[in-house]
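**Student:** fold the following for me, if possible:
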Amino acid sequence: MSFVLVYLRLYARCFALAFQGIAKNAWTLVLPMGLGVAYLLLAVPLSALGPLAGIFLRLALYFGFSSYLYFAAGTVANQKVDLSDLKKSFLAYFWSLMGLFFVLWIVEIILGAVLGQNPNRAVILRGVDLIAFIVLNPAPEIIYLKGTRGGTDTINRSVRFIQENWIEWFIPNGLIGYGAYLAVTRLSALPTALAIVAALFAGAAFHVVMVFRGHLFEALDGSTHRQRMFKYGRKDAA
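**Tutor:** Next comes the predicted model:
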């Protein structure tokens, strides 16, 4: 059984599981858009706080992302989730996210001080951001599937996962990311009404991808390439 066919089966299985969980919680398809709109509505009054606006907007972002991860986790677990847990969801992963971004903030401060007036400062910082994006790509899944709390723990586990599974993880995520980039570039050219409808579909697609990622992480983490070749190379592999 070829490498390509085996991993196509694995990815198909992860998408099938994602749709199975979402079918049980169809309302979560509008959750990303709902949280996005709520954030934008909060941004208006918060922006009037002057120097503190940035801090409160960042906190609002963490609360919103915590809420999203809470419901994504339930969907990946194939559980029934509903809005009765909304209040609890805002704090479910808030401190985990705070821990991660606090470490990144400290690193940013140190790098800024070290680079000082270096003429290549902007290029170096962009390069560091790119590296962080790559090695921390599975950080959301690390947080809600592994339950990491400290920022360094999340980073260490994320780096270890990428070292072991970078090809299997980034092939589907890279293709999806490229498709999303093409879609976003076309959204900006749409009339307002159509752009709103397209944004709803984009939010739903984002949710499908995130649930798929959760299942893909579970399939890759703790298994070896040999085990996957055996499991998904069988004729009865689902």
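**Student:** quick one: the nearest residue in space to residue 67 that is not next to it in sequence from residue 64, how far?
**Tutor:** Using C-beta to C-beta, 6 or more residues apart in numbering and skipping residues adjacent in sequence, the residue nearest residue 67 is residue 89, 4.0 Å away. C-beta coordinates here come from the backbone N, C-alpha and C atoms, glycine included. According to C-beta to C-beta, to the nearest Å, residue 89 and residue 64 sit 10 Å apart.
**Student:** which stretches of the protein have low pLDDT?
**Tutor:** Low-confidence segments of the chain, defined by pLDDT under 70, are located at 1, 187-190, 192, 234-238.
**Student:** cutoff 80 now
**Tutor:** Filtered on pLDDT under 80, the chain yields the residue ranges 1, 183-198, 233-238.
**Student:** all helices of it, in order?
**Tutor:** Using DSSP state H, the helices assigned to the chain run over residues 3-24, 31-46, 53-76, 86-92, 94-115, 121-135, 139-146, 151-187, 192-220, 225-233.
**Student:** turn the ones you listed into TSV, including mean neighbour count.
**Tutor:** Converted to TSV, the helices of the chain look like this (neighbours: other C-beta atoms under 10 Å):
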stretch	mean neighbour count
helix 3-24	16
helix 31-46	15
helix 53-76	19
helix 86-92	15
helix 94-115	15
helix 121-135	12
helix 139-146	22
helix 151-187	15
helix 192-220	18
helix 225-233	15
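**Student:** that older thread, the residue nearest to residue 67 touches residue 63, doesn't it?
**Tutor:** No: in this structure, residue 89 is not within contact of residue 63 by C-beta atoms under 8 Å, at 9.0 Å.
**Student:** residues touching residue 39, list them.
**Tutor:** Shown in contact with residue 39 (C-beta atoms under 8 Å, 6 or more residues apart in numbering): 60-61, 64.
**Student:** mind checking how far residue 93 is from residue 143?
**Tutor:** Taken as C-beta to C-beta, the span from residue 93 to residue 143 is 5 Å.
**Student:** dead centre of the protein: give me the residue that sits there.
**Tutor:** residue 140 (5.0 Å; C-alpha atoms, centre = their mean).
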